[in-house]
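Peer 1: sharing a sequence plus its predicted fold:
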Amino acid sequence: MQDQPALRALDAHYQAMPPVAAMQLRIAGHDGDTLTLEAPLALHVNDKGCAFGGSLVSLMTLASWGLVTLHVQQAGLDADVFVADSEVRYLAPLFADLRAQARIAEDSAWGDFIATLRERGRARTTLVATVPLPDGGVATTLRARYVAIARKPG
């Protein structure tokens, strides 16, 4: 994994939010293009014994938000990152620990996003995230738009 101080700071930020801390998520990987988060099934199980849908979408949303945040920080910018909208598809039940992987969508580019944020003080980009099944396939997908708004010095 690269950029350990940035990942430690991101993890501390996650853990400072009580609902997120209760999820007991952990950063499982970051290679610059993909951010992977994990959480134990035992804390996210529904009445059917599989992963709770709200937990799946939360983990994918947080992974995507974290990846945008890392790219903003890596560019040396100070901005708040928000999820603007999202579309989720639940494809199969997950009876294992949760693992969400987020990356920028194929029709988006980090360079364009960062350049727009520098020029205009706000930018948006689209991310995609998946929760894979342990034996192959996908349990859940998310496509979401994120907005970054530069903070004013103050």
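Peer 2: Looks like it arrived, so ask away.

Peer 1: switch to C-alpha atoms for all contacts and neighbour counts from now on
Peer 2: OK.

Peer 1: any idea how far the longest helix seen in the chain is from the chain center?
Peer 2: Counting residues, the longest helix found in the chain (DSSP state H) is helix 53-74. From the chain centre to the centre of helix 53-74 is a distance of 1 Å (CA atoms, centre = their mean, to the nearest Å).

Peer 1: go on, stretch 99-107?
Peer 2: On CA atoms, centre = their mean, the centre of stretch 99-107 falls 8 Å from the chain's centre.

Peer 1: and the contacts of stretch 8-25?
Peer 2: Contacts to stretch 8-25, defined as CA atoms under 8 Å, 6 or more residues apart in numbering, come from residues 26-27, 37-40, 43-44, 55, 59, 66, 70.

Peer 1: who's in contact with the closest residue to residue 36 other than its chain neighbours?
Peer 2: Spatial nearest neighbour of residue 36, chain neighbours left out: residue 101 (4.4 Å); criterion: CA to CA, 6 or more residues apart in numbering. By CA under 8 Å, 6+ apart, residue 101 lies in contact with 34-37, 60, 63, 129-131.

Peer 1: quick check, residue 101 in a helix?
Peer 2: No: per DSSP: H, G, I helix; E, B strand; the rest coil, residue 101 lies outside any helix segment and is strand.

Peer 1: pLDDT on stretch 135-142, on average?
Peer 2: For stretch 135-142, the mean per-residue pLDDT is 97.

Peer 1: what's the distance between the residue nearest to the spatial centre of the chain and residue 114?
Peer 2: The chain has residue 63 as the residue nearest its centroid, 1.6 Å off, counting by CA atoms, centre = their mean. Distance of residue 63 to residue 114, computed by CA to CA, to the nearest Å: 19 Å.

Peer 1: ok, now residue 145?
Peer 2: Between residue 145 and residue 114 the computed distance is 15 Å (CA to CA).

Peer 1: what's the neighbour count on residue 124?
Peer 2: A count of neighbours around residue 124, defined by other CA atoms under 10 Å, yields 21.

Peer 1: what does residue 123 give?
Peer 2: There are 19 residues near residue 123, going by other CA under 10 Å.
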